[in-house]
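sequence plus predicted model, see below.
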Amino acid sequence: MATFGNNNLSAKLVLLGDMGAGKSSLVLRFVKGQFLEFQESTIGAAFFSQTLAVSDATVKFEIWDTAGQERYHSLAPMYYRGAAAAIIVYDITSTDSFERAKKWVQELQKQGNPNMVTALAGNKCDLEDKRKVTTEEARAYAEENGLFFMETSAKTAINVNDLFYEIARRLPRAQPAQQPAGMVLADRPVDRSRASACCS
Amino acid sequence: MDSDSRPPPDDGPSDPNPNPRPEPDPEPKPKESTGEERLSSLTVEDSGNAASCRPPASHGFPPADLYAGDEIEEEVPPVASCSADEIDGAAGEAWGSSSYGGGVSWRESSEQDEDAPPSPSSSGYAGERGSSGKSGITEVDDGGSSQDDCSRGKEHRDEDDASVSWRKRKKHFFVLSHSGKPIYSRYGNEHKLAGFSATLQAIIAFVENSVLCIFSYSGDHVKLVRAGNHQVVFLVKGPIYLVCISCTEEPYEALRGQLQLIYSQMLLILTKSVHRCFEKNPKFDMTSLLGGTDAVFSSLIHSFSWSCVSCMVANNNHCKDIVCGEDMYWKLDKPSLHDQQGLSLFAAAGKILWVVFHLAFDGTHRNPAAFLHAYTCLPLAYGTRQAAGAILQDVADSWVLFAMFMSKHKVVSLVGAQKASLHPDDMLLLANFILSSESFRTSESFSPICLPRYNPMAFLYAYVHFFDVDTYLTLLTTSSDAFYHLKDCRIRIEAVLVKSNVLCEVKRSMLDGGLHVEDLPVDSSVHSGSLSPHLGLDKMSAGSLSSCIGIGGPAGLWHFMYKSIYLDQYVSSEFSSPINNSNQQKRLYRAYQKLYNSMHDKGTGPHKTQFRRDENCVLLCWITQDFELYAAFDPLADKALAIKVCNRVCQWIRDSENEIFLLGASPFAWDGVACGISLSCNITRNYTTCLNNMVFQFSWTNTVDDGLGLCTGAKFTVIFYAPAQIEKPM
C-alpha cells in the first residue's frame, strides 16, 4: 500500500503474469539495470525495493516479483494483498500469456483493491517479428478495464523506466491527516483516459 | 573397487571362501602382472611417489612401472583377463570393469572401460543404429558425453526415448503418475516420453495385478527388476510412481533411497496434498505444477552420483537376448513370483536393454549427505559459531520456526523453535532447492516450501537471503504474513554477523576447505611402532607417506568420512591428490555407498567393522553406537597401520569437535566412545570373499561394546589373514 510522509511515498507493487513473460527481467532492468538472456524461474516471490523521484515526491517501491508457475497461483493473494500497484505482464509473442494476463486482471478486479494502480505491460516488444498479440488488441483491452498500457522490452530497456515512473505518478497521493493503518487512501480514481501509448 | 564382481558383502559372512587365492599375499596383485602396458592414469607426481613406495614386484605387487602412469587421461584399458564368469551379471561396468585386476589405482579411465569391451568407440553398440534407424530420428550421436554443462536446468531437453543419446544415458530417473502420465524425466522432454511412461506404468500395474491374483491382497509393488547389469528400481508413493533405470551398479537400497529423496524434493515444492489432485482427476497432469524446477531435480540427482552425463541404450532387438541370456530376477515385497511371470513382465516393458557408456562429470556436487542422512558443518572456531548461534537464537521467536545459516551445503549454525527439529534429509533438500535456484541469489525472497519430514501436508514460508554468493540465511515460518518481520530479523542478524566478523570467518573457512588428510596429527607411536610382521610392508610405512605432502595422509589415507550418530552430522575430508579427479571421487563415493549399504544391511545383522581391499583402494568402515567412520586408503596400505590411522582420525575429530560440529541441544555423547586405539574385539563372525583374489571382508563383533554399551579402555585387535590361512575356517 502507499503510505505517505514528508512527501515520501512507500508503495507496494506486485508483478503478475504467466511464467516466462518477463516479470523478473523487467524488475531487474528497472532495479539493477541488468538483463539476462536466460533469466531463471523465480521461486515463490522475490522482493526488491527501489526509490524513484517524481515531480512532487519520492516514491519507494517495494516490489514483489512473483513466480509465474501454476503452483504459485493460489499463493498470489499473499503477495498482492495490500498492494498499491500491480503490473500485469504478458509476452507479446505469446497469446497464451495474454490470456493469462486477462485472468490476472479479472482476479485483481474481484479481490484486489479498487484503487490499485494497474498496468498492463506487453513485454518483449523488441521481438516484433514474432509478435502474436497486436498493440491495438491489448490497448483496447486495457482501456476497457481501466488499466494503463505500455509495451516494454526488458532487453532493450524500452519503456521500462517509463512504466514505473508512470505508476509512481499515478499512485494516489495520500493525505497526511487521514491515514489509518492498513488503508489505502486515494484522492482520485485512476485516470482511464490517460493510458499511455507504447513504443510501437 | 570391484565389489560387483564378487558376492555382495552381505552374503559374505556365510560365504565359505569360494575362491581362495593360492599365494599368501593379501595384497592386490594383478592377474597379468606381466608388465603389460595398461597405463595408469595417475598423475606423474603421484605415480612417482607411488612407485618409490611400492615393494618390488617379487612381492607380488604390480611392477612399479604400472604406477608410473602416463598422463593419458582417457586411456581405454584392454579387456585383459577380465574373467567374465566371475562377474555375475555385471558385464564390465564402472567398478566391474576393474576386474582385470591391475594394480592401477583409481584409474581415471575406467568410466571409459565400460564401452571398451564391445568397441573402443563411443558408438560401439550395434543395436542403437538399428533402433535409431527404425525410429527415423537422427539425433546427434552421443550428444551428451562431452557436455557437462547441465548443472542447471533440464538436461538434454530435446531428447526422447527414440534418441540414441537418450538411450545411452547411464542413469535415468522418471516420475510418472499412476495413470502413466509423465511427471519428470531426468533426460529428455517429459511430453515426448509419454509412451515410455505408459510402459513403466504398465509394468507396475501388471505386477500389482499379478500379485493381487496370487496373494489375494493388494499393496504389493514391484521393487526391482534386474536385467544384465541394469537395475530398474520402482518406488510407489500413492498416485506417484518413481522409477530409476541405472547401470551404475549402485546398490538397490541406494537407488531406492535416491528415489525417496526425489519424491521428498517434490513434496518440498508441492506438499503431499498434490496426491489429492490425482484423487479428483486421475489423469491430472502434474508437469505444470513443477514448472521451472528442473534445475532443482538435476542438482539433486547430481548430488547422488556426482555424475553429469550417463548413458543408457534401450533396444527392442536385444530384449530377448537379455531376458533369456542374463540373470534377471524380480524382487518383490513377497518374493514368490515365478520366473515365468518375471519374463512376461519384462516383455511388457518392451524394450529395456542397456549398454553402458561413459560419464562426463561435474565435480561441484559432492554430497554424501544423500546416503548418510546427516548434514555437515562448516569448520569454524568455536567462538565464532557460538556468536552466530547466539544471534540466531536471539531472533528465533514465535515467528521463526527454524533459522538456518549455511554456506553452500555446510551449516554454520542452526536454531529451531522449541521442540521443532529439522531432519537432515529436509535440510539436504531445502539446501538443494535454494542453491539450485538462481532466483534466490538475485534478491531476498519469501517462498512457500514444505519440509516433508516435518509436516508433509503443510507449507512453511521460507525467507531466504544470500549474504554473498555462497552464504545464506534461511528463516522458516508458519505465517504467510511474516515477511517484513523476517526481513527485520535478517537485518539485525546481518548487522551482528558483520560486526562480530562472522561473515569474514565463514568466507575464510569456505576458502580453506574442511579437514585435510595431510593434516592428520602425527602419532609418534605409529611411526615407531612395529608393523605387521607377515605383511612385509615396511616400505609403506606411515612416515614415508605422510611426509609427502599432497599425496594423502599417513599410511596411505586418502579420504575419510565420519558421521556422528547422535548429532546427525558428518564430516568428510577434502579430497587430496590421489583422488583429485572427478571420476575417482565419484567412484569413491559409490564405493562408500556400497560399504554403507553393506554395513546397514538388515538381513545380515549389523556389522561393526569392515575391511575391504581391492586393486583400487582399501576401504575401512567402523561403526559404533556413536559414530560411523568410512576411510579410503591406498590399495597397498598396511592394514594394521590403516586401523591405527583410523583411530587417529577419530581422535583428531574428537579433539576438534568444537570446530567441525554444531554442538547444540542434541545429546552429546562423547564420553566412553570407543575412539581410542584400543577396543577389544571378539571375532564372532568372519568371512572372506576372494573373487579375483582381491577382496577380503572381515566382520567383528565387539563383545565388550555389546555388553556394556561403553567400551573405554577396551582393546581393538585386528587380525589379518593371508589368503592361505583364510582357506581354513577360522
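That came through, no problem.

what about A:Gln69, distance to A:Leu75?
For A:Gln69, the distance to A:Leu75 (Cβ to Cβ, to the nearest Å) stands at 10 Å. C-beta coordinates here come from the backbone N, C-alpha and C atoms, glycine included.

which of these two has more neighbours?
Higher neighbour count among A:Gln69 and A:Leu75: A:Gln69, with 21 against 17, using other Cβ atoms under 10 Å in any protein chain shown.

now the strands for chain A?
Applying DSSP state E to chain A gives strands spanning A:3-5, A:8-17, A:45-54, A:57-66, A:85-91, A:117-123, A:148-151.

which secondary structure elements does the fifth one sit against?
Just to be clear, that refers to strand A:85-91. Contacts defined by 3 or more Cβ pairs under 8 Å, 6 or more residues apart in numbering or on different chains; DSSP states H and E place strand A:85-91 against strand A:8-17, helix A:23-32, helix A:95-111, strand A:117-123, helix A:160-170.

quick one on the thing from earlier: nearest to B:Glu659, out of the strands of chain A?
Among the strands of chain A, strand A:45-54 comes nearest to B:Glu659, with 34.9 Å by Cβ to Cβ.

and the closest one, what does it pack onto?
Secondary-structure packing of strand A:45-54 (3+ Cβ pairs under 8 Å, 6+ apart): helix A:23-32, strand A:57-66, helix A:160-170, helix B:438-442, strand B:445-449.

now the ones you listed as JSON lines including mean neighbour count and mean pLDDT?
Shown next, in JSON lines, are these (neighbours: other Cβ atoms under 10 Å in any protein chain shown; pLDDT from 0 to 100):
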{"stretch": "helix A:23-32", "mean neighbour count": "24", "mean pLDDT": "95"}
{"stretch": "strand A:57-66", "mean neighbour count": "22", "mean pLDDT": "93"}
{"stretch": "helix A:160-170", "mean neighbour count": "20", "mean pLDDT": "93"}
{"stretch": "helix B:438-442", "mean neighbour count": "21", "mean pLDDT": "89"}
{"stretch": "strand B:445-449", "mean neighbour count": "24", "mean pLDDT": "93"}
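
of those, which is nearest B:Ser413?
helix B:438-442 (18.9 Å).

okay, that closest one in PDB with CA atoms only?
These are the backbone C-alpha positions of helix B:438-442, laid out as PDB (Å, rounded to 0.1, in the frame of the first residue of the first chain):
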ATOM      1  CA  GLU B 438      19.400 -18.800  -9.100                       C
ATOM      2  CA  SER B 439      16.400 -16.800  -8.200                       C
ATOM      3  CA  PHE B 440      17.200 -16.800  -4.500                       C
ATOM      4  CA  ARG B 441      20.600 -15.200  -5.200                       C
ATOM      5  CA  THR B 442      19.000 -12.300  -7.100                       C
END
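
poorly predicted segments of the chain, please.
You didn't pick a chain, so chain A it is. A:1-6, A:112, A:173-200 (pLDDT under 70).

try again with chain B
Chain B contains residues with pLDDT under 70 at B:1-155, B:209-220, B:305-367, B:523-551, B:602-607, B:664-730.

residues contacting whichever residue of it sits closest to chain A?
Of all residues in chain B, B:Ser447 sits closest to chain A, at 2.2 Å by Cβ to the nearest Cβ. The neighbours of B:Ser447, taking Cβ atoms under 8 Å, 6 or more residues apart in numbering or on different chains as the test, are A:Ile43, A:Gly44, A:Ala45, A:Ala67, B:Tyr461, B:Ala462, B:Val464.

which of those residues sits closest to B:Cys504?
For the contacts of B:Ser447, the nearest to B:Cys504 is B:Val464 (21.4 Å; Cβ to Cβ).

part of a strand, is that closest one?
Yes: counting by DSSP: H, G, I helix; E, B strand; the rest coil, B:Val464 is found in a strand.

if it is in a bridge, with which residues?
For B:Val464, the beta-bridge partners are B:Ser445, B:Thr474 (DSSP bridges).
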